[in-house]
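**Student:** give me the fold of what follows.
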Amino acid sequence: SFSEPIPPNSSKTPRSDSIYINKSPFEQLRLTNDTYEYLIYSTNVSLLSGETKGAKLRFTGQAANAYIVYMDNEYVAQTYNYDHTSKTMTFTVEFNTDVEAGEHVLTIVSSSLGIDNFDGIQAGFTSSECDKKGLTGTVVFEPNSDNEKEIDIT
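**Tutor:** Next up is the predicted model:
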């Protein structure tokens with residue numbers, strides 16, 4: 001499951017809703033009501049082999065969005081699309097180092113780079129069909145080893 005921390009408000013009292021847990025990622029604007037530009041997605045991943053150099057993480061996201069990927073709080077890669085349009089896209093990042101076999105925490109930070117409804121509405125879409133950010137579909141780990149199977153972590 002993915003857990004997505006919501007930044008606390010200005011109060012020093014912890015919020016009871018600071019983390020949402022779900023079997024698949026929440027769409028960013030529906031969760032945050034566009035109150036925050038960022039959303040942190042995090043989930044546990046179990047790797048059978050430590051041969052991750054060259055492995056890929058493929059996920060469904062949105063145009064005008066940036067993503068930064070971490071494994072166990074270590075930077076892996078980043079990707080982005082800065083087209084000011086409303087469309088679903090597939091993003092891929094590659095692991096440049098090996099990660100030991102076992103349990104790991106995969107984190108994806110999503111940053112909205114703006115919302116564009118005009119082109120979508122002109123094309124006949126509703127605003128709810130246009131306004132999407134963050135992870136909006138599958139998240140798949142594609143291994144670089146015959147010993148490891150593709151892992152759908154959505």
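**Student:** low-confidence ranges in the chain?
**Tutor:** Counting by pLDDT under 70, the ranges of the chain that qualify are 1-18, 51, 116-121, 126-130, 145-151, 153-154.
**Student:** ok, which stretches of it are strands?
**Tutor:** For the chain, strands defined by DSSP state E occupy the ranges 2-5, 19-22, 38-47, 56-62, 65-71, 74-81, 88-94, 102-112, 139-142, 151-152.
**Student:** export those as a markdown table, with columns for mean neighbour count.
**Tutor:** (Glycine included, C-beta is placed from N, CA and C.) Shown next, in a markdown table, are these (neighbours: other Cβ atoms under 10 Å):
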| stretch | mean neighbour count |
| --- | --- |
| strand 2-5 | 19 |
| strand 19-22 | 12 |
| strand 38-47 | 18 |
| strand 56-62 | 21 |
| strand 65-71 | 20 |
| strand 74-81 | 16 |
| strand 88-94 | 15 |
| strand 102-112 | 18 |
| strand 139-142 | 19 |
| strand 151-152 | 13 |
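**Student:** out of those strands, nearest to Phe125?
**Tutor:** When these are compared by Cβ to Cβ, strand 88-94 sits nearest Phe125, at 11.8 Å.
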